[in-house]
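Asks: Model the structure of this input:
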Amino acid sequence: MTVCDDCGNTELPSAKYCSNCGTQLQRDMRDLSEGFLSIADRGHIQEAIDGNRRPPDGYHDRLHETVRHAFADFCQLNRWDEFDNRTALLGDLADGDFPEDFTAEDEALSHLYRLTCPFRFIHTAVGIDGLETLLEISLLVEYRTKTDQEPDADTVSVSIDVDVDKPA
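Replies: Numbering: from 1, shown residues only. You can find the predicted model right below:
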């Protein structure tokens, strides 16, 4: 994404002028990226993590929009059967890292298998309790959208139990 220096509006990298204020867009380090975060984004975020500097005004809104677009792109790619996204999504996992039941040729299971890496990222970020809450919120939103009814606290309950013997 290209960011307008005058108003902070984001445009596609191919845009020559800002659709918000009409300013001619300049290409700089903010346009370069190895992922959905630009080099400038990574710098702003690291500065904020280190406590050295707050991001510019409006930064969070732009970043939320960028993340929403990245997730939408991911979801679209996951629905495209001809695109095998396992290599990108499984990250550091090898076939041998999965239980035998999970490597079956079952089509539905194959789609779930491809979601392992992003799910692990989310788990690392929020932990088991956060995953439970995230799933509950997602299901409540889906329930509201599908039924047009306001769910109550008892409509959805998610519980994740992990019972793994750790090696001594």
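Asks: quick one, strands of the chain?
Replies: Under the criterion DSSP state E, strands of the chain are mapped to 2-3, 10-11.
Asks: So which helix or strand of the protein has the lowest pLDDT on average?
Replies: For the chain, scoring each helix and strand by mean pLDDT, DSSP states H and E identifies helix 86-90 as the least confident one, at a mean of 63.
Asks: Residue 144 and residue 150 touch, don't they?
Replies: Yes - applying Cβ atoms under 8 Å as the test, residue 144 and residue 150 come out as touching, 6.6 Å apart. Yep, even glycine has a C-beta here, placed from its N, CA and C like the rest.
Asks: Which one's more surrounded, the two?
Replies: Each of residue 144 and residue 150 had its neighbours counted (other Cβ atoms under 10 Å), and the higher figure belongs to residue 144 (13 against 9).
Asks: re earlier: for residue 162, find the nearest of the strands of the chain.
Replies: Across the strands of the chain, residue 162 has its closest neighbour in strand 10-11 (39.5 Å, Cβ to Cβ).
Asks: ok, the residue most central in space within the chain to residue 122 distance?
Replies: Centrality entry for the chain: nearest residue to the mean C-alpha point is residue 71, 4.7 Å, by Cα atoms, centre = their mean. Separation of residue 71 from residue 122 (Cβ to Cβ, to the nearest Å): 11 Å.
Asks: since we're on the nearest residue in space to residue 59 that is not next to it in sequence, how many residues are nearby?
Replies: Spatially, and ignoring its direct neighbours in sequence, residue 59 is nearest to residue 44 (6.4 Å; Cβ to Cβ, 6 or more residues apart in numbering). With neighbours defined by other Cβ under 10 Å, the count for residue 44 comes to 19.
Asks: Residue numbering should commence at 24 henceforth.
Replies: Fine by me, first position is 24 from now on; the one you just mentioned is residue 67.
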